[in-house]
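**Q** could you work out the structure for the sequence below:
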Amino acid sequence: MDKQPAVLYIEDDANSRRLMSMLLRRRMSLPNVTILENSENFLERMQELEPKPDIIFLDIHLQPYNGFEMLKMLRQLDWIEGRPIIALTASVMNEEVHKLRTLGFNGCLAKPLDMASFPETFDRLLAGETIWRILD
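**A** Numbers count the residues shown, from 1 in each chain. Sure thing, here's the model as predicted:
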């Protein structure tokens, strides 16, 4: 891939935001990383985002819009086609995994993220692979 991928991460937990920022910006040297701490004015913020993200990571338990609501909004945007939207959540029950799959997430990663394997997982997700890494 010639150009560096643009990444969007929406997460209300400060520690999770710090970890992802460190992974993406420092360890993986990605220049186009946007990290939002809430889902306020979500659609407006998505339309203004430049560059448009090539991959999106959504925390599920957010306010005012949760991950499921944000996914539905994202799927209505004309530029989103073909871009993976990945759920990140610490509380993954079987029912929730089923809901994540059914509603159209392209994968799910359990928090805390595995720092050692994340860069490889990131590349696989970006290439279109569906990954469901759930803690039992």
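**Q** look up the closest residue to the residue minimising distance to the centre of the chain, ignoring the ones flanking it.
**A** Residue closest to the average C-alpha location in the chain (CA atoms, centre = their mean): Phe57, at 0.4 Å. Once flanking residues are discounted, Phe57 sits nearest to Tyr9: 4.4 Å by CB to CB, 6 or more residues apart in numbering. (Glycine included, C-beta is placed from N, CA and C.)
**Q** same deal with Phe118?
**A** Nearest to Phe118 is Leu23, by CB to CB, 6+ apart, at 5.5 Å.
**Q** dihedrals phi and psi, that neighbour?
**A** Note on Leu23: its backbone torsions stand at phi -60, psi -50 [degrees, to the nearest 10].
**Q** which residues of this protein score low on pLDDT?
**A** 1-2, 92, 135-136 (pLDDT under 70).
**Q** please enumerate the strands of it.
**A** 7-10, 33-36, 55-59, 85-89, 107-110, 131-133 (DSSP state E).
**Q** can you list the strands that the last one pairs with?
**A** Within its sheet, strand 131-133 is paired with strand 107-110 (parallel), according to DSSP bridges.
**Q** please, where are all the helices along the protein?
**A** Here the chain has its helices, by DSSP state H, at 14-21, 42-48, 67-75, 94-103, 118-126.
**Q** what's the most buried one of those?
**A** Per residue and on average, the most neighbours among the helices of the chain fall to helix 67-75, with a mean of 17 (mean count of other CB atoms under 10 Å).
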